[in-house]
Every structure is written in structure tokens, then in C-alpha cells.
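Undergrad: I would like the atomic coordinates for the input below:
(chains A and B)
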Amino acid sequence: MIRFENIKLGYGSRTLLEGASATFERGTLTALLGRNGAGKSTLLRAIAALGKVESGVVRLCEDDIKTLDAEQIARRISFVTTDKVRIPNLMCRDVVALGRAPYTNWIGRMQEIDREIVTEALAAVGMSDFACKTMDSMSDGECQRVMIARALAQQTPIILLDEPTAFLDLPTRHEVCSLLRRLAHEEGKTILFSTHDLDIAISQCDMAAIIDSPRLIYRPMAEVGEDVERIFGISK
Amino acid sequence: MKSRNTILFTLLAVAIVALFVVDLAIGSTAIPLSDVWAALTGGECDAATRDIVLKIRLIKAAMALLAGAALAVSGLQMQTLFRNPLAGPYVLGVSSGASLGVAMFLLGAPLLGIAASPSLQLLGTAGAAWVGSGLILMAIMVLSRRIKDIMVILILGMMVGSAIGAVVEILQYLSDENSLKSFVVWSMGSLGDVTASQLWVVIPTVLVGLTLAVALIKPLNLLLLGENYARTMGLNIVRSRRMLFTSTILLAGTVTAFCGPIGFVGLAVPHLARMVFAAADHRVLIPASMMTGAAVMLLCDIVSKMMTLPINTVTALVGIPIVIFVVIRNRSIV
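TA: Residues are numbered from 1 along each chain as shown, chains lettered A, B, ... in the order given. Alright, predicted model coming up:
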């Protein structure tokens, strides 16, 4: 669960959000929407403690994020960023295994249980056959799935994703989103992802969080039609 | 996979021992391997041979071993930290920074009228190199966070190197004959002038640097995915970066302080290790780079003695083809 209590968020000298409060419950899939530069990535980075909120409190599973250290945060949140990861000689299995970092010892030794979790994570995203392949020879969609498997191996109650469907073709976008939906509903995870893909967001997500600076609109997807039309300048 | 690595590590260990012994046998006077063995184990051989082996060549070979391991590991750390396959202490100007530090100390101290005792000179050279390389590393860190294009970073590194070269030349112009000579000899990059007392400074510092590198294996693996991912997987980035800098400064700075700037080992050896071991995991790459670096440096030392070339020339000839190969293969990297 993620909770915002009266947060103020800025980028440089610009205020993106002010007085925003919301509670993202477990088991829900939320789409984070907003125009370019509205602050979607900045907000996600602040939740993952890669950035800071200017005031207010971000709570992860009830704990104020400022009181948690890097490893405690890593056991609560996993984040799939927009960074491209293509490392020669590094197999998918090893990339996913890095997700076990918050649980392994100083040198990162994998126990039997860790290996099982990695295998399950790869299976959950349908990438078992790619375990021993390296990512420099894979497509964007396949890489995205491996990075999601890495987030699953981290076994966190919260998963954040920054534009997970960018660069993917239409069928793959649907597959990735229904995968996220399944994870939220079946495993009770709190999943929040930013996207520009309104159609997919509307058809797959439970909740919408729309940045309408300096306001944050947070409502069930079925009730945000008018706001979406106004903010994105579309009429149905 | 595991057994293949075991075989490779064993082969490397054997190669290092063999190269080490050959390095002791080769020089201005060739000494038969049996005599080298006798001198090392305290067996029977004449006093002159024993002196050459133990007091000159052993120090030099030990220095080659340590320098190779140190430069290779510092290069590997920089490549992972900056996510730049062409990073290395020499290319990015860390060795130049150390040179500037040493130049300021060797040329500047006499200018200011400070006469140094031998032991002060020893620690001053090392300290000056650490400060110089540390400053350059911090500058690269700041630049590489703002500039994502690795080619720009490389060009800036070269520019910094040239600028430092110019400053060093001004210092040389202003200096007297004695201090100039000691600096020029240093800057040619040589394992030959290393003294036993210098070696006693190098051994502990390099060992501390290498121990830190081993402690950094997990952070380095996480940093493969970039700083953002590493932090969301629980990496304490401030502490890890501080440890990485300390390790790199101790390794690259110390070697540069006592052997002069030695090029391309730090850049090329990690790639050699990656290719041979087909690995990206630092649990393999750190020991692999250490051992490959030691072997390559011993080999370079043997070649440099056989052809009486400066060590710098040999490492460049060995390293540059590997670097060119990496550049061509990775045209579109990152």
C-alpha cells in the first residue's frame, strides 16, 4: 500500500503537485496519467526514494519513507525504470537474480530458495525459455518482461513501472498490461505504472491517478472520463 | 560453467607462476632457471646471482604482479561505475591526475625550497598521486552524471590529460636540473627503478584496494543495471561510491606514483577477462581481472626486458589492439 499525505512535488522551480493525498490499496492496478512533463516520472521516483517530495509524507505499508533505509525500501518497492539494460554476457536468469539482492549476503550468494524464486518469476512473465539467453540479442518486449520478472523476484508488496509499454507493439502492450493486472489481482500487489496509452489504461486498470497540476485526481477508472477528455483535449 | 571457470583460474595461476619465474630469469644477464630456483629457495648459487635475483629482479617482478592486478581491477571498477566500456584509469585521466600530483610534489617542493628526506619523498609521492587521482575521479563523476554520451566523457578525459601535460611542462620549465631528472625518469613509466622501500608502501596499499574491491562485488553487480536500478534494489549508493573511489585511488594512484603512468592495462584487461570467462558477474570478473592483469603485466615486463623497451610502450602495443576490437564491436553500445 502507498499513501500520500498532503504531498508537494516539484521539478526544478516548477510545482507539479500540491496538497495531494491518496491511498493506493493492495490488489489494485493503477494507471498514472498526465501530459508530457506533468511529473509522472518525478512522482514515481519520489515514491521509490530516488527523488524527494518537497513537503508532506509518503508512506509505504504505513511507514514514512524518510525513516526507511535503502534495503528496507527495496523490500517494499521494486521499480521498473525506462533505463535500457543490455549487458553482454549477462543472462536473463542473472538479471532476475539481481532482484534477490535485498535478501542475499554480502557477496550475493544465491540459496536454493532464491533460485526457485527466480525460476518462478521467469515463468510468471512467460520467459522461462529465455533463462540462459543474454539480453543483448532480445527484443524490447522480451527485455521488458525480464525486467518485470526481476521486480517480481524482489518479492515486494509494491511494484512501480515507468512507461512499461513504451516501444512495444500493440499485442505486446496488451500482454504486459494483463500480466500486471493478474499480478495485482491474484497476488494482491499494489501496482502503479505511468503510461500514455489511454485505451489500454481504461480497459485494464482499476484506478486512475491523473496529474492535473497542481492537483492529483485519484478515482476509479470508470469515473474519470470527463477529466481525461478535458486534460487530454479529446472528445468521444 | 563452474568447472570451466575452475579450469581457467587454475591455468591462469600456473601461467602467473611460470611468468614470474621467467621474469626473474630474464634481464641484462640471463640467469638459468635452476639458479633462480636456488636463489629463491636458499639453495646453492653464487652471491652475485643471489643478489640480482633477490634484490633487483624479485622486487621488479613483485611490482609487475601488483601493478597489473591493481590497474586491471581499477579499470573494471571504473567501467562498471561509469557504465562505460572504454573507461580506465589512463584514458579518463586518473593517471594524469596522479602525474600532476607527483609533478607538483617532485618539481614544486624544491621550487618552494622544501628539501625532502627519502622517507618523506616516498610518502609525499604516494600522497600527491592519491590527491591528484582523487580530484580527477570526482570531476569525472560530476561530468558523467550530467553528460550521458560516453564519447564526450572520453574526449574530455583526453583533454584533461593534455591540459595536465601542459601544466607539467610549465613546471618542468621552471625546475632545476636535479628535480627535472627525477621527474623525467619517473614519467617514462618504469618498473625497474622501484626500490624495496617503495614496494613496502605499495604492497599494503594495493592489498587494501583489492580487499575493498572484493567487498564491492555485490554493489558492482547491482551497478551493472545502472544507478537507479541499483538503488531500488537496496544499494547504499553514497557508501558504495565512496568505497569505489577509495579503492580506485589506492590502486591506480599508488601504481602511478611508483611506476609512472602505465597505459591501457586498466582498460584492456577487464575486456580480456570478460571474453575469456564469458562473464559479467563480478564474483568472476574481479578475481579474473586481478589474475589476468598480473599475468599480462609480467608478460609485458618480460618483453620490455628482452627488447629493452620502456614498459609503457609494450603495454600500449599489447592493449591498443584489444581496445580497438572493443570499440569496433561496441559501436552502438549504451
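
Undergrad: rest of the way, CA atoms for contacts and neighbours
TA: Fine.

Undergrad: Please list all residues in contact with the one residue in chain A that gets nearest to chain B.
TA: Going by CA to the nearest CA, chain B is nearest to residue A:71 of chain A, at 4.0 Å. Taking CA atoms under 8 Å, 6 or more residues apart in numbering or on different chains, we find residue A:71 in contact with A:102, B:233-236.

Undergrad: Quick one: name the residues of chain A near chain B.
TA: Proximity of chain A to chain B (CA under 8 Å from any CA of the partner chain) is limited to residues A:48-50, A:70-75, A:77-81, A:83-90, A:98-99, A:101-102, A:106-108, A:154.

Undergrad: Buried ones among those residues?
TA: A:48-50, A:70-71, A:73-75, A:77-81, A:85-90, A:98-99, A:101-102, A:107-108, A:154 (16 or more other CA atoms under 10 Å in any protein chain shown).

Undergrad: Just the residues you listed: which are in strands?
TA: A:77-80 (DSSP state E).

Undergrad: Show me where chain A dips below the pLDDT cut-off.
TA: A:235-236 (pLDDT under 70).

Undergrad: okay, now the domains of chain A?
TA: A:1-76+A:158-236, A:82-155 (automatic domain parsing).

Undergrad: Quick one: end-to-end length of the last one, please.
TA: End-to-end span of domain A:82-155 (CA to CA, to the nearest Å): 20 Å.

Undergrad: do stretch A:150-166 as well
TA: Counting by CA to CA, the terminal residues of stretch A:150-166 are separated by 18 Å.

Undergrad: If we look just around chain A, which residues of chain B are in range?
TA: Close to chain A, as judged by CA under 8 Å from any CA, chain B has residues B:215, B:217-218, B:221-222, B:224-226, B:228-229, B:231-236, B:274, B:278-281, B:283, B:334.

Undergrad: could you pull out the strands for chain A?
TA: With DSSP E as the criterion, chain A has strands spanning A:2-11, A:14-24, A:29-33, A:55-60, A:63-64, A:77-80, A:158-162, A:190-194, A:207-212, A:215-220.

Undergrad: ditto for the stretch 201-334 of chain B
TA: Per DSSP state E, counting those that start in this stretch, the stretch 201-334 of chain B carries no strands over any range.

Undergrad: Closest residue of it to chain A?
TA: Closest point on the stretch 201-334 of chain B to chain A, by CA to the nearest CA, is residue B:234, at 4.0 Å.

Undergrad: So what's the residue count around residue 159?
TA: Since no chain was named, I'll use chain A. 25 (other CA atoms under 10 Å in any protein chain shown).

Undergrad: hmm, I had chain B in mind actually
TA: Counted with other CA under 10 Å, residue B:159 comes out at 14.

Undergrad: Nearest to the middle of chain A, which residue? Look it up for me.
TA: Relative to the mean C-alpha position of chain A, the nearest C-alpha, by CA atoms, centre = their mean, is the one of residue A:160, at 1.7 Å.

Undergrad: gap between it and residue A:37?
TA: 18 Å.

Undergrad: Might you list the low-confidence residue ranges for chain B?
TA: Counting by pLDDT under 70, chain B contains low-confidence ranges at B:1, B:111-116, B:150, B:188-190, B:192, B:331-334.

Undergrad: what's around residue B:314, how many residues?
TA: What residue B:314 shows, counting by other CA under 10 Å, is a neighbour count of 21.

Undergrad: what does the one 5 residues further on give?
TA: Using other CA under 10 Å, residue B:319 has 20 neighbouring residues.

Undergrad: and what of residue B:11?
TA: With other CA under 10 Å as criterion, residue B:11 counts 11.

Undergrad: Tell me the secondary structure at it.
TA: Put simply, residue B:11 is helix when judged by DSSP: H, G, I helix; E, B strand; the rest coil.

Undergrad: re earlier: to residue B:82, which of the domains of chain A lies closest?
TA: With CA to CA, the closest approach to residue B:82 among the domains of chain A belongs to domain A:82-155: 13.6 Å.

Undergrad: where's the closest one relative to the chain centroid, distance-wise?
TA: On the basis of CA atoms, centre = their mean, to the nearest Å, domain A:82-155 sits 16 Å off its chain's mean C-alpha point.
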